[in-house]
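Q: below is the sequence, then the predicted model.
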Amino acid sequence: MIKFAERLPDIEIVVPLAQQLSWSHFIALLPLKSHEAFMFYANDAANRHLGKRELRHQISSKAYERREIANSQLTKAATIPINMFKDPYLLDILGLRDNYLEADLEKAILADIEAFILEFGYGITFSERQKRMTMDSEDFTLDLLFYHRILKRLVAIELKLGKFKPAYMGQMRFYLKWLDKYEKQEGENSPICLILCTEASRDQIEIMELDKEGIAVAEYWTQLPPKTEFEQKINEIYFEAQERLERRKALPSGEYRQIDYFLDKKDDNDYEN
């Protein structure tokens, strides 16, 4: 109880959380050293109505650190909301074996879409698979299309085997332009895209400034190393991300709006709370 009072001295924060989380939730949260991590997991559990077991899984899978790694790739000119994605995504839950194909990955995601959405984050709903786009009598297909209810925008996901290739940028730019012209509804924000690869060069992605185009890139892991090795690997990537954030410094205050625990750029055409 003393630790609880020390970690949450603000009654305005305590009251809404205490109405949505049990004491068992707080017991799982108290060992966290970072206040930012504490609030991330607390809000995530409250917003998604996670049980204590699911909350512990989010903490052990280092969801906060993976979100910060994804944030580190966003520049001030990004059209992607901060706190939107993670990097890497842990898809070991899909049970894929070696030598799987992109089609196998897509089928596995759809077969366990609830687990995928739980890993992805709060507010996203599945819309369509193999989204067909026709231009000049030529057909193109997007792997997966989701909709973010809070941010009111389409989220396109393209699945790739192997390492990220710069050529993907042109493909995804076309998909986003098409979705913006033919699928975006009145009052919605512009679509964004996530390319999931088995390997991503974060320095390469940063220098290409894909986030200006509404494109994010993240790795996905279908098999996890032992716990100690996993934690060490995520921590190494996380510390690299912190160095990247230090180089960029904090985003200017007043340019971003809080949406639950998400942040999104203010815009003249932004939607109402």
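A: Structure's in. What do you need?
Q: make it CA atoms for all contacts and neighbour counts henceforth
A: Fine.
Q: the strand or helix carrying residue 240 - what's its average pLDDT?
A: Assigned by DSSP states H and E, residue 240 falls within helix 227-248. Across helix 227-248, the average pLDDT comes to 86.
Q: cool, and stretch 44-57?
A: Rounded mean pLDDT across stretch 44-57 is 92.
Q: gap between the two ends of it?
A: Counting by CA to CA, to the nearest Å, you get 12 Å between the two ends of stretch 44-57.
Q: quick one: distance of the helix holding residue 240 to the chain centre.
A: Put simply, helix 227-248 sits 16 Å off its chain's centre (CA atoms, centre = their mean, to the nearest Å).
Q: same question for stretch 112-119.
A: Using CA atoms, centre = their mean, the offset of stretch 112-119 from its chain centre is 13 Å.
Q: so what touches that stretch?
A: 89, 90, 91, 93, 94, 109, 124, 125, 126 (CA atoms under 8 Å, 6 or more residues apart in numbering).
Q: for the fourth one, give me its contacts.
A: With contacts defined as CA under 8 Å, 6+ apart, residue 93 is in contact with 115, 222.
Q: give me every residue that touches the residue positioned nearest the centre of the chain.
A: Centroid-nearest residue in the chain, with CA atoms, centre = their mean: residue 85, separated by 1.7 Å. Residues in contact with residue 85 (CA under 8 Å, 6+ apart) are 67, 70, 71, 120, 121.
Q: now the strands: where do they sit in the stretch 151-273 of the chain?
A: All strands of the stretch 151-273 of the chain, identified by DSSP state E, counting those that start in this stretch, fall at 153-159, 192-197, 215-221, 256-259, 262-265.
Q: so which of those comes closest to residue 54?
A: strand 215-221 (19.3 Å; CA to CA).
Q: for that closest one, what does the pLDDT average out to?
A: 94.
Q: circling back: what kind of secondary structure is the residue nearest to the centre of the chain in?
A: Following DSSP: H, G, I helix; E, B strand; the rest coil, residue 85 is assigned to coil.
Q: can you check residue 9 too?
A: Per three-state DSSP, residue 9 ends up coil.
Q: against residue 47, how distant is it?
A: From residue 9 to residue 47 the distance is 21 Å (CA to CA).
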